[in-house]
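Novice: pasting the structure only:
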């Protein structure tokens with residue numbers, strides 16, 4: 001019982017320090033322009049709140065994205081043993097006190113130069129914000145509830161409304177492409 005409380009306290013302190021460090025990191029936000037057609041997509045999903053990832057991928061495919069060109073990593077608050085070993089799932093335990101990510105799969109995802117990164121989460125969590133910020137994606141889209149400095153395109157919707165999100169995303173991407 002006591003170790004659980006100590007662990008909760010340490011996680012709270014860790015979260016506090018991470019938020020402070022992230023606040024300073026976010027002042028260095030890269031601006032970019034959408035310069036080519038969207039072929040590769042990185043999908044960062046918080047499965048603590050959204051469980052319809054397959055349906056979301058189908059929506060992306062129905063809008064012209066080839067399924068093999070979609071790479072997904074999934075955040076969960078708690079991971080099972082099989083999820084830890086899969087390389088697709090990760091949790092906040094992958095984040096050190098110095099805002100470094102220990103997961104090889106997550107770091108590989110960050111390094112990949114996607115044409116589009118979709119940050120599919122609407123609850124602010126330090127590790128998700130850090131991945132979005134550090135991503136080498138050429139263009140980033142996410143929800144209006146997240147720090148506005150992280151994404152180039154901000155969509156006002158809820159995660160459960162994935163059809164609305166994808167519809168708005170591709171509508172604005174077409175408008176941006178037309179204005180180039």
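Specialist: Happy to help now that I have it. Just so it is clear, the structure is predicted and the values come from calculations on it, not from any experiment. Numbers count the residues shown, from 1 in each chain.
Novice: when you work out contacts or count neighbours from here on, use the C-alpha atoms and nothing else.
Specialist: Fine.
Novice: ok, residue 165 touching residue 144?
Specialist: No. Using C-alpha atoms under 8 Å, residue 165 is not in contact with residue 144; the gap is 11.0 Å.
Novice: the two: which is more packed in?
Specialist: residue 165 (21 against 16; other C-alpha atoms under 10 Å).
Novice: would you mark the buried spots in whichever helix or strand residue 108 is part of?
Specialist: For residue 108, the element it lies in under DSSP states H and E is helix 104-111. By 16 or more other C-alpha atoms under 10 Å, the buried positions in helix 104-111 come out as 105-106, 109-110.
Novice: which residues are in contact with residue 118?
Specialist: 41-44, 140-142 (C-alpha atoms under 8 Å, 6 or more residues apart in numbering).
Novice: now the two most distant members of those.
Specialist: 41 and 142 (12.9 Å; C-alpha to C-alpha).
Novice: so where do the strands sit in this protein?
Specialist: 41-46, 70-75, 89-90, 116-120, 140-143, 153-155 (DSSP state E).
Novice: tell me what the last one is packed against?
Specialist: Under the contact criterion of 3 or more C-alpha pairs under 8 Å, 6 or more residues apart in numbering; DSSP states H and E, strand 153-155 touches strand 140-143, helix 162-178.
Novice: equivalent analysis for the third one, please.
Specialist: Taking 3+ C-alpha pairs under 8 Å, 6+ apart as the contact definition, the neighbouring helices and strands of strand 89-90 are strand 70-75, helix 81-86.
Novice: nearest to residue 11 among the contacts of residue 118?
Specialist: Using C-alpha to C-alpha, the contacts of residue 118 come closest to residue 11 at residue 44, 22.9 Å.
Novice: from residue 9, how far off is the closest one?
Specialist: Separation of residue 44 from residue 9 (C-alpha to C-alpha, to the nearest Å): 28 Å.
Novice: which one's more surrounded, these two?
Specialist: Taking other C-alpha under 10 Å, residue 44 and residue 9 do not tie; residue 44 has more neighbours (22 against 12).
Novice: residues in contact with that one?
Specialist: Residue 44 touches 72-75, 117-121, 128, counting by C-alpha under 8 Å, 6+ apart.
Novice: scan the residues you listed and report the most crowded one.
Specialist: Of these, with other C-alpha under 10 Å as the count, residue 117 tops at 27 neighbours.
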